[in-house]
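> Return atomic coordinates for the entry below.
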Amino acid sequence: MEQTVSISNEVSREKGIPGSTLKIIAIITMFIDHIGAVVLEGKLSDLGMAQAMQTQEGLQEFMAQYGVLYLMDMIMRLIGRMGFPIFCFLLIEGFIHTSSRLKYGRNLLLFALISEVPFDLAITRGMGDVPKIGGVLYPYYQNVFFTLFIGLLCMCGYEFVSRHAEEFGKNIGTKVLAWVVRITGIVLPAVVIRAMILNYIGEVPDRICWSVGILVPVLLYAAVFISKNSVASYQVLCTDVTILALGMLVADLLHTDYSALGILTITFMYAFRKNHVKSVLAGCIALTVFNSIEITSFFTLIPVKKYNGERGLSMKYFFYAFYPVHLFLLYLISRYVV
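Modelled structure (predicted):
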């Protein structure tokens, strides 16, 4: 019987797709997305879309002339929504299976720095004439490697807390820390939730923002404490929420790609990491709740469901190199060819 199960598992792995195939799918969808964001939106910007949108008549006239180009851009951007959830999923898989998390984080940070100039040059093509430091650096939008790096740091924090949960409250230092995170576990999420309400919903009275911001973590802690009847579980959750809120605040302050929402997505996926489909589903829900354009990210579930857990082809540095190179090439095409 055990031999039959083993053979069945091997067949399942052979029929599925490895991590390298998932990475290729993510790269292709990201590339399509960036053609829209850089080349097509750069062309639309050159054609005066920003000025046309200032009046209803101007917008109608612009769409009558260039509506097909705008539609192509929208289709490409919707296809591109699959890229980020797959990269988040692979980030978590890498975090779990890497032999050196220090090197993993170093590579993410290194290529975040390398990619910033190509990213700023490319991504601002569709923004019109925006101020850039030295003519190249745009300080209000950082590339996705920074988001992934912050997400990796958060996961390191979650794992550390999980491993040392029993040490809380055993000495004066951990007792003080326990009380600190109980406070920050309410204050920081309230700040983050208020900011997300204003960013994604719009003008909402401040008292409502703060009320919701405080109520959400309080209800969450109460539910966990009542269901598990455990101070340790409550303490771990307070600490994890503090780490999450700090990660989201840093991403928001740095204006990284996907920003605080990206860190929330990575955290949701990490929480359900033992089930690949549930992990991606949780991440896509987090994305779509706050940004409806991310609805097409749910198509990510199709390839992830076929994932067999194998690494596949060795593509260790391919994505790292592809990211800044393709952005710079798209910038050149948008700037000097199209």
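
> quick one, domains of this protein?
For the chain, automatic domain parsing gives the domain ranges 1-140+293-338, 144-256.

> Looking at these, spot the one closest to Ser279.
Ser279 lies closest, by CB to CB, to one member of the domains of the chain: domain 1-140+293-338, at 6.6 Å. C-betas here are computed from N, CA, C, even on glycine.

> Give me the buried stretch members for whichever helix in the chain runs longest, please.
Ordering each helix of the chain by length in residues (DSSP state H) puts helix 172-200 first. Across helix 172-200, burial judged by 16 or more other CB atoms under 10 Å covers 177-178, 181-182, 184-186, 188-197.

> which strands and helices sit next to whichever helix or strand Leu237 is part of?
Assigned by DSSP states H and E, Leu237 belongs to helix 231-254. Helices and strands touching helix 231-254, by 3 or more CB pairs under 8 Å, 6 or more residues apart in numbering; DSSP states H and E, are helix 144-163, helix 172-200, helix 206-228, helix 259-271.

> which helices and strands does the longest helix of the chain pack with?
Contact analysis of helix 172-200 by 3+ CB pairs under 8 Å, 6+ apart lists helix 206-228, helix 231-254, helix 259-271 as its packing neighbours.

> For His97, find the nearest of these.
Across the helices and strands packed on helix 172-200, His97 has its closest neighbour in helix 259-271 (13.8 Å, CB to CB).

> what angle sits between that closest one and helix 231-254?
Orientation check (axes from the mean of the first three to the mean of the last three CA atoms, to 10 degrees): helix 259-271 against helix 231-254 gives 150 degrees.

> And helix 259-271, what's buried?
Neighbour counts using 16+ other CB under 10 Å place 259-270 of helix 259-271 among the buried residues.

> Serialize those to JSON lines and add fields for distance to Ala282.
Shown next, in JSON lines, are the buried residues of helix 259-271 (distance: CB to CB, whole Å):
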{"residue": "Ser259", "distance to Ala282": "18"}
{"residue": "Ala260", "distance to Ala282": "16"}
{"residue": "Leu261", "distance to Ala282": "13"}
{"residue": "Gly262", "distance to Ala282": "14"}
{"residue": "Ile263", "distance to Ala282": "14"}
{"residue": "Leu264", "distance to Ala282": "10"}
{"residue": "Thr265", "distance to Ala282": "8"}
{"residue": "Ile266", "distance to Ala282": "10"}
{"residue": "Thr267", "distance to Ala282": "9"}
{"residue": "Phe268", "distance to Ala282": "4"}
{"residue": "Met269", "distance to Ala282": "6"}
{"residue": "Tyr270", "distance to Ala282": "9"}
